[in-house]
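Q: what would the 3D arrangement of this be:
(chains A, B and C)
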Amino acid sequence: MKKFGTLMLAAAALALGMGAATAAETTIRIATEGAYPPFNQKNADGTLSGFDVDIANALCEKMKAKCTIVAQDWDGIIPGLLAKKYDAIVASMSITEERKKTIDFSDKYYNTPARFAVGKTSGITDVSPEGMKGKTIGAQSSTIHANYLEAKYKGTATIKLYATIDEANADLAAGRIDAHLADSIVELAFLDGKDGGCCAFAGPDFKDPAFFGDGVGVGLRKEDGKLKAEINAAIKAILADGTYKKLNDKYFPFSIY
Amino acid sequence: MWELLSFGDKGWGDDLALGAILTLQLAFASLGLGLVFGLATAGMKLSGNRVLLGLANGFTTAIRGIPDLLTLFLIYFGSQFAIQTLLSLFGYEGQVEVNGFWAGVLALSLVFGGYSSEVFRGAFLAIPKGQIEAAKAVGMPPALIFRRVLLPQVWRYALPGLGNLWLSLIKDTSLISVIALDELLRKTFIAVGITKEPFLFYGIACLIYLAITTVSTGVIMRLEAWSERGVRRA
Amino acid sequence: MEDYLAMLADLAVRYGPRLLGGVVVTLQLVGISLALGGMMSVPLALARLSRNPVLRLPAFAYVFFFRGTPLLAQIYLIYYGSGQFRAAFEQAGLWWFFRDAWYCALLAFTLNTGAYTAEIVRGGIQGVPLGDIEAARACGMSGFTLYRRIILPTAYRIALPAYGNEIILMVKSSSIASIITIFDLMGETKLAFSRSFRLEVYLMAAALYLVITLSFEWVWARLERWLNPQREAPDLKAPDLQPPAALVEPQRQ
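A: You can find the predicted model right below:
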């Protein structure tokens, strides 16, 4: 039976031209979004870079593991992990109770608050659900920010969800949405950029752990306890030996841990 | 503007070219596999076996009724799961990876196969019955009839339909951009994200698609003319 | 097994109503764009067949562009491209239109189906038997009357099957609207999938799309039978259709 199975596998692999990777190798396949600057982004030459990518590489170095990093769209990033397309998500994913029902997380490797960016002509000063009455507000879909909007603003404002942060920001700049709830660091990068003049931060930082979780961790399958332990140890190690601080300072003038 | 489109570190010309090449690779791979699916499905429809006919008709109906985008998502997320489950039935627990390229090709070729099966069916039926009877009369076995009599002529009847399907296939490759494969439209998307010049880049992408479809149309017309050679014109 | 059924029921209860709401959005988008595209198609087809190059060339370029490029690229071009020229559109008083993703999708779909339908109509017009037109001219019909009474009615009948296909293709392509934040059936499905991680929601959506397209095909087949009775294969076993023997075997003198 085993032999027949292997034969079938070979036939299937041949027929579909799939790359069949066996579990024997210690390659860890890591997914990131590649559209979330400055944390992860795809460059003109097709390579991936950003804080998440640097962290992933630093963790792999500590674990003495061979890693490959692939880009995966945000909407499909958890399904892809569950489907074993890769073994870990290092893509600025917040550790929330809702996600923990499906996947597991390492310890956090950074934690930044969420904040609204609003169009300067939108007239928004109060970002509470009442203050946003009748406005159109956006967030990236399948994020803590989207969940928060759906939970708190659904009755009062029109909510639009975007596949990437870039599309949401483009629509904010174009005035198609009046406000965009996103990670404050990501929005800061946008507001400082070419099209950022349109818009400004408004309202307070959002930190409610019930929605925004306890920081950002590495997403893992629930059954991969061993990998989780190794990654947690590696996070501790890069925090202790100054690698983390070096990476932090490369991107941000303040600590985001 | 010209700097943005130049080849090299600062420009996106080379990236768009790479994307266009991947688009063509996707299209040709899907064409190859899709023709196999299409011929097989047409064979099932013409086999005279009611179970096979039912299966083939069900397949065509599903492909004609379900959005290609949805087929793509189903294959992308479902094929991995299906193959993994299948393999674990045979006792294999290792990891198999269906990458974006092959998931995309599989989805597009299923779509191409579903539609082209109808084209092939029509083409087989268009071959005059008398020829098959004559072939039988000189003692040709069915396989030989298929190879010597049917196959050489089916192409001629099927070419116009297949040409249209090929043009849709090229345009359909753009859907694969949504599963993070860096084909032409996806590369354009990335360029827009960085340069913030959507009109310029989407416009250029449209022109590249237009160039591909125009060249294709020309080639199809030549092929049709070639396939008609030796056929008496009214 | 029972667990699985319970899970399916739970999915249907939780996301079913939203998916059905998505069906409504999909049908609205497709219905309106087909109506508008259909209206564009006849003048466009006539311009395409015109001997005057001022009419023919722009119509040709339009059809060529929209049939030669992917709808997804067209929708990106219209939606994100227009966002780049916000100031100009505001000045022209058109921004309210381009601001709304729904209108942008509607515009892209209308322009797209208008181009395809124009080609179908053109095929229909060119398929009108020359004898019909000659006969009408001999009766003294010309210009507008000729088109209204003879050419267009025949052309529509010829174009009917191809147009049925175009409508189904439009229902299928409309799923692309989900990519620019519209919660049509596909948009709701993607949202449901990203929350539940269950592939079954995609299967549910596939079933809904199939219901739409199959019921439409059923309606269209009846319409075709009603408008084109002569195209149906005659039932030779029916007694009144048996040709008299004299006609079957021509009598020899």
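
Q: any idea how far C:E119 is from chain A?
A: 32 Å (C-beta to the nearest C-beta, to the nearest Å). To be clear about C-beta, it is placed using only N, CA and C from the backbone, and glycine gets the same treatment.

Q: isn't that residue right up against C:R67?
A: Yes. Counting by C-beta atoms under 8 Å, C:E119 touches C:R67, with 6.9 Å between them.

Q: which one of the two is surrounded by more residues?
A: C:E119 (19 against 16; other C-beta atoms under 10 Å in any protein chain shown).

Q: host element of the more buried one?
A: Secondary structure from DSSP states H and E places C:E119 in helix C:101-126.

Q: now that helix: buried residues?
A: Under the neighbour-count criterion of 16 or more other C-beta atoms under 10 Å in any protein chain shown, helix C:101-126 has C:101-102, C:104-122, C:124-125 buried.

Q: how far does that helix sit from the chain's center?
A: Helix C:101-126 has its C-alpha centroid displaced from the chain centroid by 8 Å (C-alpha atoms, centre = their mean, to the nearest Å).

Q: endpoints of stretch A:36-54, how far apart?
A: 14 Å (C-alpha to C-alpha, to the nearest Å).

Q: could you tell me how far it lies from the centre of the chain?
A: For stretch A:36-54, the distance to the chain centre is 12 Å (C-alpha atoms, centre = their mean).

Q: so what's the residue of chain C found nearest chain A up against?
A: Proximity to chain A, evaluated over chain C using C-beta to the nearest C-beta, is greatest for C:G83 at 3.4 Å. Listed by C-beta atoms under 8 Å, 6 or more residues apart in numbering or on different chains, the contact set of C:G83 reads A:A170, A:D171, A:A173, A:A174, A:R176, B:P198, C:F98.

Q: now B:S174
A: Contacts for B:S174 (C-beta under 8 Å, 6+ apart) come out as B:T23, B:E183, B:L184, B:L185, B:Y209, C:P70, C:L72, C:A73.

Q: so B:S47 makes contact with B:L53?
A: Yes. Counting by C-beta under 8 Å, B:S47 touches B:L53, with 7.0 Å between them.

Q: how close does A:N169 sit to A:Y36?
A: Going from A:N169 to A:Y36 by C-beta to C-beta, to the nearest Å gives 11 Å.

Q: with neighbour numbers in mind, choose between those two.
A: Neighbours per residue, other C-beta under 10 Å: of A:N169 and A:Y36, the larger number sits with A:N169, 29 against 23.

Q: which strand or helix spans the more buried one?
A: Take DSSP H and E as the rule and A:N169 turns out to sit in helix A:165-173.

Q: and the helix or strand B:G34 falls within, what's buried?
A: Using DSSP H and E, B:G34 sits in helix B:13-46. Residues of helix B:13-46 classed as buried by neighbour count (16+ other C-beta under 10 Å): B:13-16, B:18-20, B:22-23, B:26-27, B:29-31, B:33-35, B:37-39, B:41-46.

Q: quick check: the residue of chain B nearest chain A.
A: For chain B, C-beta to the nearest C-beta, closest residue to chain A: B:F90, 2.6 Å.

Q: torsion angles phi and psi at that residue?
A: Per-residue torsions, B:F90: phi -90, psi 10 (degrees, to the nearest 10).

Q: local confidence estimate at it?
A: Looking at B:F90, its pLDDT is 83.

Q: repeat for the one 5 residues further on
A: The predicted structure scores B:Q95 at 66 on the pLDDT scale.

Q: same thing with the one 3 residues further on?
A: The pLDDT attached to B:V98 in the predicted structure is 75.

Q: phi, psi for it please.
A: Main-chain dihedrals, B:V98, degrees, to the nearest 10: phi -100, psi 110.

Q: what sits closest to C:S194 if chain neighbours are left out?
A: Nearest residue to C:S194, sequence neighbours excluded (C-beta to C-beta, 6 or more residues apart in numbering or on different chains): A:S142, at 4.0 Å.

Q: now do the SS call for that neighbour.
A: Put simply, A:S142 is coil when judged by DSSP: H, G, I helix; E, B strand; the rest coil.

Q: any idea how far it is from chain B?
A: From A:S142 to chain B the distance is 14 Å (C-beta to the nearest C-beta).

Q: residues near that residue, how many?
A: Number of residues near A:S142 (other C-beta under 10 Å) recorded here: 22.

Q: ditto for the one 4 residues further on
A: Neighbourhood size, A:A146 [other C-beta under 10 Å]: 23.

Q: and whatever helix or strand B:I63 lives in, what does it pack against?
A: When elements are assigned from DSSP H and E, B:I63 belongs to helix B:50-65. Applying 3 or more C-beta pairs under 8 Å, 6 or more residues apart in numbering or on different chains; DSSP states H and E, we find helix B:50-65 packed against helix B:13-46, helix B:100-126, helix C:152-173, helix C:200-227.

Q: mind redoing it with 6 Å?
A: helix B:13-46, helix B:100-126, helix C:200-227 (3 or more C-beta pairs under 6 Å, 6 or more residues apart in numbering or on different chains; DSSP states H and E).

Q: how about the longest helix belonging to chain C and chain B, touching?
A: In terms of residue count, the longest helix belonging to chain C (DSSP state H) is helix C:2-49. No. Helix C:2-49 stays out of contact with chain B when judged by C-beta under 6 Å from any C-beta of the partner chain, the minimum separation being 9.7 Å.

Q: all strands for the stretch 1-150 of chain A, in order.
A: A:19-21, A:27-32, A:35-36, A:40-42, A:48-49, A:66-71, A:88-94, A:104-110, A:114-119, A:136-140 (DSSP state E, counting those that start in this stretch).

Q: any chance of those in CSV with distance to chain B and mean pLDDT as columns?
A: Shown next, in CSV, are the strands of the stretch 1-150 of chain A (distance: least, C-beta to the nearest C-beta, whole Å; pLDDT from 0 to 100):
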stretch, distance to chain B, mean pLDDT
strand A:19-21, 5, 42
strand A:27-32, 8, 93
strand A:35-36, 7, 91
strand A:40-42, 5, 91
strand A:48-49, 11, 94
strand A:66-71, 6, 92
strand A:88-94, 12, 96
strand A:104-110, 18, 96
strand A:114-119, 16, 96
strand A:136-140, 13, 95
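
Q: and B:E224, which of the ones you listed is closest to it?
A: Comparing those against B:E224 with C-beta to C-beta, the closest turns out to be strand A:19-21 (38.4 Å).

Q: circling back: tell me the mean pLDDT over the helix or strand just after the longest helix of chain C?
A: Using DSSP H and E, the helix or strand that follows helix C:2-49 in sequence is helix C:53-68. The average of the pLDDT scores along helix C:53-68 is 96.

Q: do the same with stretch B:139-147
A: Per-residue scores along stretch B:139-147 average to 90.

Q: start to end distance for that stretch?
A: 14 Å.

Q: just the buried positions in that stretch, please.
A: By neighbour count on 16+ other C-beta under 10 Å, the buried set for stretch B:139-147 is B:M140, B:I145, B:F146.

Q: now do it: distance to the chain's middle.
A: Relative to where its chain is centred, stretch B:139-147 has its mean C-alpha point 29 Å off (C-alpha atoms, centre = their mean).
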